[in-house]
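**Student:** mind looking at a prediction? Sequence and model below.
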Amino acid sequence: MNTINLIQQAYKDFQNGDPARAERSLKNILQNQPANFDALHILGVIYAATGQRPQAIDLFQKALTLAPDNVSLHYKLARVQFESGEFDAALRAYERILSLGYIKPEILLAKTVVLINLQRYQDASDCLDQALVQWPDYAEGWAHKGALWYQLQHYEEALACWSKALALQPSMADGWYKKSLALDKLERYSDALACADRAISLTPDNPVYRMDRAVILHKLGRYAEALSDHEKGLSLAPDNAEAWGDHGLTLSRMKRHEQALASYNRALDLQSGYADVLSNQSLSQLVLGQFDAGWQSYEYRWKKGNADVPRHAEIPLWLGLQSIRGKRILLWSEQGLGDTIQFCRYAPLVAALGAEVILEVDPSLKTIAQTMGEFQVIAIGENAPLADYQTPLMSLPLVFKTDLTNIPAPSAYFRADSRKKSSWRDRQDSSNGKLKIGLVCSGNPSNTNDQRRSMPLQDLAPILQSKAADFFLIQKEVRESDLEFLQRTPNLRLPATDIDGFDDTAAIIANLDLVISVDTSIAHLSGALGVPVWILLPWVPEWRWLLDREDSPWYPSARLFRQDEAGNWQDVIKRVTEALNDFINVLPKTS
């Protein structure tokens, strides 16, 4: 054979699945003809296809010395350089193609992708705009423009670009999927679901589409459907650690915590130290009463994807390993107000170890927290004294090895100010001898659990039928949707709108015979004051309330009323109303 025939045969060997034979033939040619352009080119193609990228780059560059204006070869070189992570070199190759006058949308798009990887986002946007000005109906260009805006967290702009791309090419499954991601970020979950449905209808066996639709369904509270998508996705991609973690989270929302733990373990087998999974695992462990493992896993809350930024990281962390006798330690609150109220009970235990305790809390809790003991309480934002150690409050159960048998649960550890208590008693009018009952129907609407834990005020109407009690709405904020019911319900009184911090709320509660509350900070405050409190819990409660019990080991004065099914407050209120009748009948006889 002549050289041309040998090169053609080598390429056929490669196409027929025998790259080794093709490589030997081409090397033999290059040994005798080192400047043979076709042999350099084809061998470079074979090396690129078989993952031998450095060798492919070397051959393409040698071939280009022989044909410096060969656009196809510059393109192949750019592709291999990009795949090798040589983004600057790939960018130069694409710019060379454009300088040769080969200005096509796919080249501008490829250059854009390189610029994005170089984090030159404005240049990437300009390059895409150049393509879209010349080719306004280029759907792939609009889709990549959307991806760029999404990466920059400009979700409205990303949504507009993906909508444009899909108007031009409605069969673009990945466009529908990406549009669902933008809608998800904008918390337009129903619209996101519709787009995910379109993506899956076009590509039903794509595991990523299934898994991300499961996440959207989870956010919509459609857990059974989410679980089905999780399992379909995992059947297609069983080694996806993130998907196993999401699967576990959905199971936990269905109160199937043991199964959730099994899924979390699968995720951790695939990706050890996966912080999001370990953090979520801790919540299932804790709600099941597995405190020893749960407190350990709970420490990963600082490392998960949406973790709070810890304060006071410049001070050495104390988790019980060092003696703190004679040392000053800063205990600082984290997460919600209810969490602070629940866990500041540990401050006296730390002080009992011989340390000088500084307790840092939300400003609204400063005054009431000062009633706990002889240690300094400061508000977040105030200058903290120099300290030897620091500990976040919710790590203290780990320090003290808390389990169900040794939870520090005094009958009360807060005290209402006697002067304020007297003042609020006069304003609450206790002269008629009726029982005084406080009600709370909702908490902070920004709480991620609020949709499950809060209820409309009018749902409490059956409780208000009793004539033997005066009722007070003791939450500071009343939602606009509840105002109309409040205004037409004269036997439900709002003590005042000038409540100034939890010391005022504590004084109001201290004058009550009973508090009936959804799971909010006021429920915690009532328990910390030792006032009888009935806490109304969703079907899947926060971990602190455990499962299937009517009492709380954290608050001796608490009684728990749980939903029998998700979202069903009606049966809870019926049971509370019956219990209230018994409470009213029994209390005067025991007083």
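**Tutor:** Sure thing, it's come through. Numbering: from 1, shown residues only.
**Student:** contacting residues around Pro310?
**Tutor:** Residues near Pro310 by Cβ atoms under 8 Å, 6 or more residues apart in numbering: Trp302, Glu334, Pro392. Backbone N, C-alpha and C define where each C-beta goes, glycine included.
**Student:** columns secondary structure and pLDDT on top of those, output as a markdown table?
**Tutor:** Formatted as a markdown table, the contacts of Pro310 follow (DSSP: H, G, I helix; E, B strand; the rest coil; pLDDT from 0 to 100):
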| residue | secondary structure | pLDDT |
| --- | --- | --- |
| Trp302 | helix | 94 |
| Glu334 | coil | 94 |
| Pro392 | strand | 97 |
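**Student:** compare those residues and tell me which is most surrounded.
**Tutor:** Pro392 (23 neighbours; other Cβ atoms under 10 Å).
**Student:** in which helix or strand does the closest residue to Asp184 other than its chain neighbours reside?
**Tutor:** Spatial nearest neighbour of Asp184, excluding adjacent residues (Cβ to Cβ, 6 or more residues apart in numbering): Ala192 at 4.4 Å. Using DSSP states H and E, Ala192 sits in helix 189-202.
**Student:** and if you look at Asp174?
**Tutor:** helix 173-185.
**Student:** now do Arg559
**Tutor:** Assigned by DSSP H and E, Arg559 falls in strand 558-562.
**Student:** by contact count, what packs against the helix holding Ala192?
**Tutor:** Using 3 or more Cβ pairs under 8 Å, 6 or more residues apart in numbering; DSSP states H and E as the contact test, the elements touching helix 189-202 are helix 173-185, helix 207-219.
**Student:** list the buried residues in it.
**Tutor:** Tyr189, Asp191, Ala192, Leu193, Cys195, Ala196, Arg198, Ala199, Ile200, Leu202 (16 or more other Cβ atoms under 10 Å).
**Student:** pLDDT of that helix, averaged?
**Tutor:** The predicted model assigns helix 189-202 a mean pLDDT of 97.
**Student:** contact partners for the closest residue to Phe343 other than its chain neighbours?
**Tutor:** Closest residue in space to Phe343, ignoring its immediate chain neighbours: Leu393 at 4.1 Å, by Cβ to Cβ, 6+ apart. Residues near Leu393 by Cβ under 8 Å, 6+ apart: Leu331, Trp332, Ser333, Glu334, Asp339, Thr340, Phe343, Cys344, Tyr346.
**Student:** also Lys303?
**Tutor:** Here Lys303 is in contact with Ala275, Leu278, Ser279 (Cβ under 8 Å, 6+ apart).
**Student:** what about the nearest residue to Ile378 once chain neighbours are set aside, which SS state?
**Tutor:** Leaving aside its chain neighbours, Ile378 sits nearest to Glu360 (5.3 Å; criterion: Cβ to Cβ, 6+ apart). Three-state call for Glu360 (DSSP: H, G, I helix; E, B strand; the rest coil): strand.
**Student:** Glu360 contacts Ala379, doesn't it?
**Tutor:** Yes. The criterion here is Cβ atoms under 8 Å, and Glu360 meets it with Ala379 at 7.3 Å.
**Student:** neighbour count for the two, which is higher?
**Tutor:** Neighbour count, other Cβ under 10 Å: between Glu360 and Ala379, Glu360 has more, with 24 against 15.
**Student:** how much space between the more buried one and Leu43?
**Tutor:** 68 Å (Cβ to Cβ, to the nearest Å).
**Student:** circling back to that earlier point, ok, the residue nearest to Phe343 to Ala416 distance?
**Tutor:** 22 Å.
**Student:** same deal with Leu98?
**Tutor:** Counting by Cβ to Cβ, the gap from Leu98 to Ala416 is 75 Å.
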